[in-house]
Every structure is written in C-alpha cells, then in structure tokens.
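S.K.: turn this into a structure:
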Amino acid sequence: MQLGKTKTLPFDKSFIDDLIKTYPTPFHLYDGKGILDTNKRLHDAFAWVAEASKGKKAFRNHYAVKALPNPHILKLLADNGSGFDCSSVAELELCHRVGVRGERIFFTSNNTKAEEYKRALDLGAIVNLDDISHLDYLKNQVGLPDLLAFRYNPGPLREGNVLIGKPEEAKYGLTRQQIIEAYRTAQSWGVKRFGLHTMVASNELNADYFVETARMLFELALEIQKSTGIVVEFVNLGGGIGIPYRPDQNEVDIEYVASEIHNLHQKLLSSTNLKHLGLVSENGRYLTGPHGFLVSRAIHHKDIYKQYVGLDSCMANLMRPGMYGAYHHLTVLGKEDQAADHVYDVTGSLCENNDKFAIDRALPKIDDGDLIVIHDTGAHGHSMGFNYNGKLRSAELLIKVDGNVKLIRRAETLEDHFSTLDFANL
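M.R.: From the prediction side, this is the model:
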C-alpha cells in the first residue's frame, strides 16, 4: 500500500467543519488570496509591454467572464488591474454592474445578435468580430466604432487540442485571406484603430505553444501592415493557459512565456512600424481555476460490479468530468495521510451514467459522512451548472484575503427553480 499523489489545500478539515455549520454542502469555495497572487504574477511577467509600447499600452489580462461569472470575483480582479473578456449581454451587464466600462471590456462572440453588439458599443467595449460577414452586419445594424478587432483562425497552420479542437474544424474566426480583406474593408468604411486576436487552444500546458501563438500574431500583424498600411494597435493572445489538474503535472512557467514573447517582440518588431505594438490576453482558467473547490459529502455506498461512492453533489455542480472525461483531484478531508488503498467510482445522483467525478480512482477508505473536496473548480465549474432532474445550483463562498468567508451567491431554492413557471393558470 502507498499514499496516493496529493494536491495541497488552502484550508484544513477544521476550517470546513466550522463552515458547514452555516453553509450546508455542496458549495463552491474560492481562495481570494490565491486568485490575486496569480493575477499579480501574470501582470508582473508582462510588465515589459508598457516599456515596449512606450507607455501607450500596458499589458492587461481581460479575464474570461465565462470562467467564473460572479460579481464579487470580477470586482476583486477589476480592483487589481484586470479587464474582462465577454461573450454575451449577461457578461457585459456583469461588467457594467461592477463599474467596468470602455476598453477594459473585450467583446468576442459568435452568431451575435445586433442588440448584443449595440450593448457592447454602448459600454465602449472593444468589439472583436468573429466572421468577415459580421463586418457588414455590424455596419448596417448598429454602426461601426472607431476601434475594431478581428479573430484569426489559422486553420491547419496550427494544432489545437482536445478541448478546443482542430482550428480548421472550429466555428470561430476568419481565414488568413479573409482577415486581410476585413481590415482593408473596415478601414475604407472609416474604422481608425485596430486590434488582432486569436484563440487556438484551451487548457494548454506547453509553454512554447503560447510563444508560437505570439509569433504567429506578430507575423500576421506585419503582413497586415504590408498589405493594407494598417498599423495594428495591439494583439490579443487569447487565453488557454492551462492548469495542472493532475498532481503529477507541472504548471506553465509564465515568466518563461513572457520572456520569450518579449524576445520575439524585439526581434520581429523593433525595427518596424509595429515596434510599439501592445499585448493583451484573456485568460480565465489560469487565474481562478486552481483556487476553487467543490466541497461535498459522501452520503451513499454501492457495491455491485464496482465500488461506488455517492456524493451530495452531481454533474450539475461540476460538468467537466462528465462532459470531457476531465480529471479533477479529490481529497478526503482528514484522511490526507491515509493510504489510497480503495478504488472507487465517485458519482452524483443524476439519471445519467456519465454523472461521475472520478472513475477507478484510488482513494483512502471513504465512510458515509466524509467530506470530499474536488480541486480546481474555480473555472468552468459553477458557471456550467444546469437544472436537469430539477437539481438546484449550489452556493458560492469566497475566502477573503483577511481569511474571513463571504457568501457571494446563495444556493438556489425550489422557488427559484419554479419562478418562471405558470402554476396559476393550470
């Protein structure tokens, strides 16, 4: 027998024991200090951008709101220099309600309605068009702003990964030929300022992937300038920086990534009209993913062809394992030092067989009532929740920097769930 590989937690069992006296399981719990530390690390790594652009544009990460769309998290990040990447009216409205407007909002969507574009422009957001046809649509339906960006899809020139798929099979972005035409047309229609964007991978742990993405965008910006005379103001590297979900994985060395991109910036652009090119990103998972935890309780055991442990949470609380087969580490609180000598499928209660948090996972012996912490749920966890089988979405709690815990979203009730139904006219 041997201990399973572990991941650390920013709290212990006594902390959770005290918390559940007020907040019943399941709930998502976020570590505010961890989020801010990661946000600072990212911005510090790219501090060179302000000098390279001669103070015209400091680096900014536009946090991907879809990862964790809670106003308390957004306010925490906004107060510490973040902008936001939005893809819907609801996400735009969240930014507005936490006091963020203007070019701190980057609006990237697809199959977008005119009213969504209008709301983005009303807020002064940077609109990033996903297709060449959207340029004409925006012009006719809403009107063109002074600043536009376009999303580039490199097709078979770049590899994607399992989460985002192959670029040539993705529904996103413009081809290389289309993007040159789009810039030329937008300029002729009066657009004065331009950005360039791509998003070609998700949860990628290869640091060099992001360096090569920067190279691709720098070279494309040079091609755009040569073909159209347009000097792109900034490039948006997109997001996609992964996190080590498995305990044997290494995190991305963000300082290495930033340094190598700095070298590319100097090598490719320093003697060109793009020498002051700015740089932004839109990482979500990287900032909050490792700092979120789904806290659940074991409530049932089942021993048939396999051994099962049933939790009081389910796929409605965390979809990624059932949707992608994604790995999320599990800690049995209070048994961290015990041997992982039992093999379980850890499940929820949905009427779907893919409602499993772990399959054939080696864990310490789990007893009914044990508290189970599922790691790395701070991105695409609660935000992907749903109400199938009438399951109610859980509360969200924030451990503030001072160590106190704040309820930042209450748990749903049956009245919430039924609030859009008409019982009166049956």
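S.K.: going forward, measure contacts between C-alpha atoms and count neighbours the same way
M.R.: Fine.
S.K.: now do the SS call for residue 96.
M.R.: helix (DSSP: H, G, I helix; E, B strand; the rest coil).
S.K.: tally of neighbours for it?
M.R.: Per other Cα atoms under 10 Å, the neighbour tally for residue 96 reads 15.
S.K.: need the helices for the chain, in chain order.
M.R.: Counting by DSSP state H, the chain has helices at residues 13-19, 32-45, 48-52, 71-78, 89-97, 114-122, 133-141, 176-188, 207-228, 254-269, 285-288, 320-324, 414-418.
S.K.: contacts for the fifth one next, please.
M.R.: Applying Cα atoms under 8 Å, 6 or more residues apart in numbering, the contact partners of helix 89-97 are 65-66, 69-71, 74, 84, 86, 101, 105, 116, 119-120, 123.
S.K.: just the second one next, same as before
M.R.: For helix 32-45, the external contacting residues (Cα under 8 Å, 6+ apart) are 59-61, 76-77, 80, 82, 254-255, 258-259, 286-288, 291, 398-401.
S.K.: quick one: it to helix 254-269, angle?
M.R.: With axes from the mean of the first three to the mean of the last three Cα atoms, to 10 degrees applied, the angle from helix 32-45 to helix 254-269 works out at 30 degrees.
S.K.: now do the buried residues in helix 32-45.
M.R.: Neighbour-count burial for helix 32-45, counted by 16 or more other Cα atoms under 10 Å, picks out 32, 33, 34, 35, 36, 38, 39, 40, 42, 43, 45.
S.K.: residue 409: which of those is nearest?
M.R.: Checking the buried residues of helix 32-45 against residue 409 with Cα to Cα, the nearest one is residue 32 at 14.9 Å.
S.K.: residue 297 is in contact with residue 26, correct?
M.R.: Yes. Counting by Cα atoms under 8 Å, residue 26 touches residue 297, with 7.2 Å between them.
S.K.: looking at those two, which has the bigger crowd around it?
M.R.: Neighbour totals were compared for residue 26 and residue 297, and residue 26 leads with 24 against 21 (other Cα under 10 Å).
S.K.: which pLDDT value belongs to the more buried one?
M.R.: Looking at residue 26, its pLDDT is 98.
S.K.: identify the residues contacting it.
M.R.: Residue 26 sits next to 294, 295, 296, 297, 312, 313, 394, 395 when contact means Cα under 8 Å, 6+ apart.
S.K.: what pLDDT does the nearest residue to it once chain neighbours are set aside get?
M.R.: Spatial nearest neighbour of residue 26, excluding adjacent residues (Cα to Cα, 6 or more residues apart in numbering): residue 296 at 4.6 Å. For residue 296, the model assigns a pLDDT of 98.
S.K.: again, but for residue 160
M.R.: 53.
S.K.: which residues of the stretch 301-426 of the chain fall in strands?
M.R.: 307-311, 330-332, 342-347, 356-363, 371-374, 395-399, 405-409 (DSSP state E, counting those that start in this stretch).
S.K.: tell me the angle the first one makes with strand 342-347.
M.R.: Direction vectors for strand 307-311 and strand 342-347, defined by the same axes, to 10 degrees, enclose an angle of 40 degrees.
S.K.: buried sites along strand 307-311?
M.R.: Here strand 307-311 shows 308, 309, 310, 311 as buried, counting by 16+ other Cα under 10 Å.
S.K.: much appreciated, bye for now.
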